[in-house]
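Peer 1: pasting the sequence and the predicted coordinates here, then a few questions.
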Amino acid sequence: MPWNSILRGYEIEKGKYVALSNKDLEKIEIQSGKAIEILRFVDLDKLDSIYFDKGYFLVPTEDSKKPYFLFLEALQANGKVAVGRVVMHEREHLVAIRPYGNSILMETMHYADEIRDPSDFPELRKPVEISPEELELAGQLVRIMKKPFNLKEYKDRYHESLKELVEAKMKGKEEVFEPKLPEVEATKDLMEALKASIKVSAKG
């Protein structure tokens, strides 16, 4: 289908759209550029991780190294994160700019109307009664499985199997590798499930 035959539209309600032409979109076109507009500075703990979308490392040009590292050190010394906006890919993004090691990381953020409220889900509205015994067992499992987080311990099992499959095919083999995922039996007995998990974790 030719690109110019595709009709664009903005959904105003479920199944209903307002048609938009290229001329219509040109009226609201935002000038793209490399400049980031800083709006304010905030404490990092005031920005919930649900706001963040994608991360980008910012690197300086040869002429901008001094202001780059001055800005980095100012953020580090004051324990703050800059909130700003930038235009990328024909869209204006809200961004958080923060220190990451000896570099500056820019993370695009969701706007408020893009984040669902937990109260929107009817399954979360009805309270569930938790017994002290269940809470104690769950806490025991948490304590047993607690250890320092190391990202390098975790691998993409599908990607690893895909690599093995490709390597086998390159060697003329036809073996098919499948990610080995642990089988989990469904149960409605929460206490027994917790006890079984504690038993397995204690052995590990």
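Peer 2: That came in fine, so what should we check first? As the structure is a computational prediction, the values presented were derived from the model and not from experiment.
Peer 1: now the helices for the protein?
Peer 2: Listed from the start of the chain, the chain has helices (DSSP state H) covering 22-27, 65-78, 132-145, 157-170, 190-203.
Peer 1: among the ones you listed, which is nearest residue 44?
Peer 2: Proximity of the helices of the chain to residue 44 was assessed by C-beta to C-beta; the nearest stretch is helix 65-78, lying at 9.6 Å. In this view, the C-beta of every residue, glycine as well, is placed from N, C-alpha and C.
Peer 1: now the helices of the chain as TSV including mean pLDDT, distance to residue 40 and mean neighbour count?
Peer 2: What follows is the helices of the chain, written out as TSV (pLDDT from 0 to 100; distance: least, C-beta to C-beta, whole Å; neighbours: other C-beta atoms under 10 Å):
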stretch	mean pLDDT	distance to residue 40	mean neighbour count
helix 22-27	58	29	9
helix 65-78	94	13	13
helix 132-145	87	37	13
helix 157-170	79	39	12
helix 190-203	70	45	13
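Peer 1: any chance of the ones you listed in a markdown table, plus distance to residue 102?
Peer 2: Supplementary listing: these in a markdown table, determined by distance: least, C-beta to C-beta, whole Å:
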| stretch | distance to residue 102 |
| --- | --- |
| helix 22-27 | 41 |
| helix 65-78 | 8 |
| helix 132-145 | 33 |
| helix 157-170 | 29 |
| helix 190-203 | 38 |
